[in-house]
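In: No sequence on hand, only this structure:
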């Protein structure tokens, strides 16, 4: 089974790459006729889209499409590729909000423009402002083009409108999640559980949107769509909780990301909520000396990690992941899935629940 | 004729308002279930959308729809209203780029959030950053929802995809125009004529997009669409050149905007290009002492204005507007238009060519 599973993934990935390449080449050529500097923006977008990303979302569209009997992956590849445009657009805007200039280990759009504008703008604050301005425009383009690219799929116009509805609902929820998540860092009047943020920011946008797009493209029944949505809802929350654990306990050599950032930032994850449920006052007092302190040392971060373990917060979070996984599997059991797709789903479940990076 | 013309406009305006009100109420209610702070973002959007704007674009959709025989303005009002969402989204992002906090004489989204975040963020730079972050998210929502709202028009799914294509082309061009226009202020390697910027930023987005949407909704023939596009192209450039003249020579009491801003900024308009074609070296030297100087006084601004007049730059720009208007009217003469719509078109032509504010 592993072989045909790998073959499906490879075929699907190259279908998506081919759509993206053709799309980007056309946009760039058109931009050139408007002005060479506009073509530069598309160069930056192409560079970034080709620099990395797991392309998890487009894979999910095509997996789900196949699961529900879709027979023309090439015809629906634009809808899958559109997910990658959308996601890059959202990441570009997120990076502005997070004041980040690096993505996938390379310059993001703002990072690229920071270099490009160096000869023209002496003032560093001005340079940052205009680099971020170019980023705003790049994200807008990708968001807009994701609707348009989706519409070039070879399905009925009615089906296209139906998957666009999923797109707009996904955007609506992820932006709500992003706003609340951003405000959580400083609004002392914000009360929201990490589970709610995970539901909207991760489950709806990262899992439900692409998987439901695939299902609708394949013409899945309403009942099957409901089971699929249920599966995605639970798996998405598990994915976010795993992400939170990796953010604190991950192996930096494997993840390529610092595991001290979330501790310094004082990120209010489900695991941290569990800590406050379970810890003694003494543990809480010690925790608060370091958690959310921007100048925390690696040794102090290790104390925070130990407190998360000793209090049982980490174990409770692991247990929650197991539970969400079980719910997800229960929803999945209502669907008839052939072995090749089952193998890909297992890969997806592993990514969501037990991955290390 | 004036009466029925006014009646059409009023009916259309209330159709659009009603769609916007219903849309905003639904989004806000949905946001409330996600989190009250997300509902606050929709409050800000509603406040801004109800604060002003000429609603020129939605009027143009319905005018064009009527011109080509469309009989169900209520059914297509969502496509018209979608233009207003799109435009507000673009303005919100433009304001970030221009570091503006006011729009329609009231706080824009960033301005609103600057106040909202006051109790939570002591640092002014942080407060600006997060206020602008909320603005980025608001603009993204409106861009995304403009595709979605358009899709609720009561026309065939194929027609909806066809007008969405216009939307994405309009966004593609206006963003290219915005990037180039922004970079013109500091990139010394930028060579572009003001006419090219006007073509993409104003003609394509402000005129061609809404008028063509209306035409396609009404099922106009390809020949008629070509004439309409030609009309919009010329009228849009005239509109931009008039805007540039008002920006420097307008009556502040009438326009509600400063007429010194463009002079301080050194905005490279068609009129300024004409100045460099026509002026003597002595005139150019004097002009450059003040033009683009951020601390220019009202008296010095008056010298700049006089130089634009004396050199013939203003008169040449007025002549260009007359010429673009003539081209627009020639394109229009190929279309059969009934008197009520003709009266509305005249209003539009006056707005574009001879308005004072």
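Out: Arrived safely. Just so you know, these numbers come straight off a predicted model, no measurement behind them.

In: Around chain B, pick out the residues from the stretch 1-150 of chain A.
Out: Contact residues, the stretch 1-150 of chain A versus chain B (C-beta under 8 Å from any C-beta of the partner chain): A:27, A:30-31, A:34-35, A:37-38, A:41, A:90, A:93, A:96-97, A:99, A:117, A:120-121, A:126, A:129-130, A:133-134, A:136-137, A:139-141, A:143-145, A:147-148. C-beta here means a position set from N, CA and C on the backbone, and glycine is covered the same way.

In: List buried residues within those residues.
Out: Using 16 or more other C-beta atoms under 10 Å in any protein chain shown as the burial test, those include A:27, A:30-31, A:34-35, A:37-38, A:41, A:90, A:93, A:96-97, A:117, A:120-121, A:129-130, A:133-134, A:136-137, A:139-141, A:143-145, A:147-148 as buried.

In: Report the contact partners of residue A:103.
Out: Residue A:103 is in contact with A:48, A:51-52, A:91-92, A:95, A:111, counting by C-beta atoms under 8 Å, 6 or more residues apart in numbering or on different chains.

In: And the buried ones among those, selectable in PyMOL?
Out: Buried residues among the contacts of residue A:103 (16+ other C-beta under 10 Å), as a PyMOL selection:
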select buried, chain A and resi 48+91+92+95+111
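
In: Surely residue A:247 is in contact with residue A:261?
Out: Yes. Between residue A:247 and residue A:261 there is a contact at 7.3 Å, judged by C-beta atoms under 8 Å.

In: Compare these two (neighbour count), which wins?
Out: residue A:247 (20 against 12; other C-beta atoms under 10 Å in any protein chain shown).

In: Contact partners for the more buried one?
Out: A:257, A:259, A:261-262, A:267, A:269.

In: about what we covered before: where's the dip in pLDDT among the contacts of residue A:103?
Out: Among the contacts of residue A:103, residue A:52 carries the weakest pLDDT, at 78.

In: Doesn't that one lie inside a strand?
Out: No. Residue A:52: not assigned to a strand; according to DSSP: H, G, I helix; E, B strand; the rest coil it is coil.

In: residues contacting it?
Out: Counting by C-beta under 8 Å, 6+ apart, the residues that residue A:52 touches are A:103-106.

In: same thing but at 6 Å, please
Out: The contact partners of residue A:52, by C-beta atoms under 6 Å, 6 or more residues apart in numbering or on different chains, come to residue A:104.

In: again with the one 5 residues further on
Out: With contact taken as C-beta under 6 Å, 6+ apart, residue A:57 is in contact with A:83, A:87, A:210.

In: from those, which ones fall inside helices?
Out: Under the assignment DSSP state H, these contribute A:83, A:87, A:210 to helices.

In: Quick check: of those residues, which lies closest to chain B?
Out: residue A:87 (13.0 Å; C-beta to the nearest C-beta).

In: For burial, what's the neighbour tally of that closest one?
Out: When neighbours are defined as other C-beta under 10 Å, residue A:87 has 24 of them.

In: Chain neighbours aside, what residue packs nearest to it?
Out: Distances taken as C-beta to C-beta, 6 or more residues apart in numbering or on different chains place residue A:57 nearest to residue A:87, at 5.6 Å, with adjacent residues excluded.

In: so where does that neighbour fall, helix or strand?
Out: Taking DSSP states H and E as the criterion, residue A:57 maps to helix A:56-67.

In: what angle do the host helix or strand of residue A:323 and helix A:56-67 make?
Out: Using DSSP H and E, residue A:323 falls within helix A:313-333. Counting by axes from the mean of the first three to the mean of the last three C-alpha atoms, to 10 degrees, helix A:313-333 lies at 30 degrees to helix A:56-67.

In: and after helix A:313-333, which helix or strand comes next?
Out: helix A:339-353.

In: What residues of that following helix count as buried?
Out: For helix A:339-353, burial by neighbour count (16+ other C-beta under 10 Å) applies to A:340-341, A:343-345, A:348-349, A:352-353.

In: correct me, but residue A:109 touches residue A:138?
Out: Yes. Residue A:109 sits in contact with residue A:138 when judged by C-beta atoms under 6 Å, with a separation of 4.6 Å.

In: Now do the shared contacts for these two.
Out: With C-beta under 6 Å, 6+ apart, residue A:109 and residue A:138 have common neighbours residue A:92.

In: between these two, who's got more neighbours?
Out: More crowded of residue A:109 and residue A:138, by other C-beta under 10 Å: residue A:109, with 29 against 26.
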